[in-house]
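Novice: Here you go, sequence then predicted model.
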Amino acid sequence: MSSLSVNHLLGIKNISKEDIDLIFATADNFKAVINRPIKKVPSLRDLTIANLFFENSTRTRLSFELAEKRLSADVVNFSASSSSVKKGETLVDTVNNILAMKVDMVVMRHPNPGACVFLSERVDARILNAGDGAHEHPTQALLDAYSIREKHGDVKGKKILIVGDILHSRVALSNIFCLQKLGAEVKVCGPTTLIPKYIESLGVKVENNLIKGLEWCDVANMLRIQLERQDIQFFPSLREYTMMYGLNQDILKGLGKKITIMHPGPINRGVEITSDIADSTDAIILGQVENGVAIRMAVLYLLAAKIKR
Ligand code: CP
């Protein structure tokens, strides 16, 4: 297979295992490129890409921008907080005005679930979802699975534990879809109030006990508590959350085996994970960030191939 089955990257749910394999094979080539002294290729030099961020971001925004520049695309950046959205302009009007300036692809992060699907049905450009509310964060899931493949040789057959605020996490949902398509076994772990009631219908098991979950897994992906998406209190206090679900060296040593520690960032050090673990050789957190550039180059390149030029 040499081309994606989709024209936009809106989520992992609607792409195939073959799409993921193609993205990984393409990312392997781009990872070699970004480790060369000259980190640039001319692949997208005729294209213009707009990065639309309606929500805060460090890793995803910079990673997409670097990926675009390393593919030689022209890049424009839009931040909602300093735009005419503040004067009441709609999302479709905003994007159509940007497209009128001859933009070919739009990378968008938005607080509303489904915003990227909505846009893809209304504007004439390739849309890449950079995180839409608590819905999906497809490139994060791809770079996470790619990092597991790099560390463990294959994702198939691996046992992955996703710990924390599953209810509000687009990373958890996209990871579940991606890891299952690649043949991994997935469990989620956290307080009952932060586990969606539908989760077992996705073929995922629930483990409320962190130690049991860690004893089971090969890889633990520690998620942040998303206080900004919580309008009611889901647990008594952050201190109690950390006592029940925070990962520290004593817990890791007690397992009597090595596991790989992942985190999508941003980390709340001392809440879901202690600094000594985040900075240890068991953690591949900065490797995930590094792989993010190669994965985003691959997705941009493969979607650009679908534009009629
Ligand atoms: N992992 C992630 O999406 O981080 P940012 O919010 O900084 O982009």
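Specialist: Everything's here; your move. Numbering: from 1, shown residues only.
Novice: Now do the contacts for Ser280.
Specialist: If you count contacts by Cβ atoms under 8 Å, 6 or more residues apart in numbering, Ser280 has them with Ile261. For every residue, glycine as well, the C-beta is placed using N, CA and C.
Novice: Could you check how far it is from Ile259?
Specialist: 11 Å (Cβ to Cβ, to the nearest Å).
Novice: For the nearest residue to Ser79 once chain neighbours are set aside, give its distance to the ligand.
Specialist: Distance criterion Cβ to Cβ, 6 or more residues apart in numbering; nearest residue to Ser79, sequence neighbours excluded, is Phe53 at 5.6 Å. Per Cβ to the nearest ligand atom, to the nearest Å, Phe53 is found 9 Å from the ligand.
Novice: Use 344 as the first number for this chain going forward.
Specialist: OK, 344 is where the count begins now, so the last one is Phe396.
Novice: Phe396: neighbour count?
Specialist: 21 (other Cβ atoms under 10 Å).
Novice: Stretch 602-615 close to the ligand?
Specialist: Yes - interface with the ligand: stretch 602-615 contributes Pro607, Gly608, Pro609 (Cβ under 6 Å from any ligand atom).
Novice: can you list those in CSV and add secondary structure, distance to Leu485 and neighbour count?
Specialist: Output for the residues of stretch 602-615 next to the ligand, formatted as CSV (DSSP: H, G, I helix; E, B strand; the rest coil; distance: Cβ to Cβ, whole Å; neighbours: other Cβ atoms under 10 Å):
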residue, secondary structure, distance to Leu485, neighbour count
Pro607, coil, 12, 26
Gly608, coil, 15, 17
Pro609, coil, 19, 11
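Novice: In a markdown table: these, plus pLDDT.
Specialist: Output for the residues of stretch 602-615 next to the ligand, formatted as a markdown table (pLDDT from 0 to 100):
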| residue | pLDDT |
| --- | --- |
| Pro607 | 98 |
| Gly608 | 96 |
| Pro609 | 95 |
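Novice: can you give me the strands for this structure?
Specialist: 391-396, 417-422, 448-453, 469-475, 502-506, 528-532, 548-550, 562-565, 603-605 (DSSP state E).
Novice: Go through the ones you listed and name the closest to Ile491.
Specialist: With distances scored as Cβ to Cβ, the stretch of the strands of the chain nearest to Ile491 is strand 562-565 (5.8 Å).
Novice: quick one: that closest one near the ligand?
Specialist: No - among the residues of strand 562-565, none lie within reach of the ligand under Cβ under 6 Å from any ligand atom; the closest is 11.4 Å away.
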